[in-house]
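> Attaching a predicted model along with its sequence, questions to come.
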Amino acid sequence: MAESQADTDAKHSVDSNNVASDQGSGSDLLITVTGPDQPGITAKMAAMLADSGAALLDVEQVQVQGYLNLHFLVSI
């Protein structure tokens, strides 16, 4: 699968500790959730982030043999 410019930009903006400073107006945070897949996990996480005031910048979700790898890039 081809990588989009947004994916490339997100990888370059997030350091190995999963936190990067957005020079000027806040911080970007990459949140990773991994574990057995269940219906509703993505929706619950997105709702929780929205309720906390985080701005959702990008989402990546991959399911492999019943396990979910979920990444939210948010601005806080």
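Arrived safely. Keep in mind that this is a model prediction, so the values were computed, not measured.
> Report how many residues lie close to T34.
10 (other Cβ atoms under 10 Å). No exception for glycine: its C-beta is placed from N, CA and C like everyone else's.
> actually T32, not the one I typed
10.
> Retrieve the pLDDT associated with it.
As predicted, T32 sits at a pLDDT of 95.
> just I76 next, same as before
Looking at I76, the pLDDT reads 88.
> now it: how far from S52?
Distance, I76 to S52, using Cβ to Cβ, to the nearest Å: 8 Å.
> what about these two, which has more around it?
Taking other Cβ under 10 Å, I76 and S52 do not tie; I76 has more neighbours (13 against 9).
> pull the longest helix from this protein.
Under DSSP state H, the helix in the chain containing the largest number of residues is helix 41-51.
> Mind giving me the packing neighbours of it?
Judged by 3 or more Cβ pairs under 8 Å, 6 or more residues apart in numbering; DSSP states H and E, helix 41-51 is in contact with strand 27-36, strand 55-64, strand 67-75.
> could you redo those as TSV and give each row distance to K44?
Formatted as TSV, these follow (distance: least, Cβ to Cβ, whole Å):
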stretch	distance to K44
strand 27-36	10
strand 55-64	13
strand 67-75	11
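> Packed most tightly, which of those strands would that be?
Among the helices and strands packed on helix 41-51, ranked by average contacts under mean count of other Cβ atoms under 10 Å, first place goes to strand 67-75 (a mean of 17).
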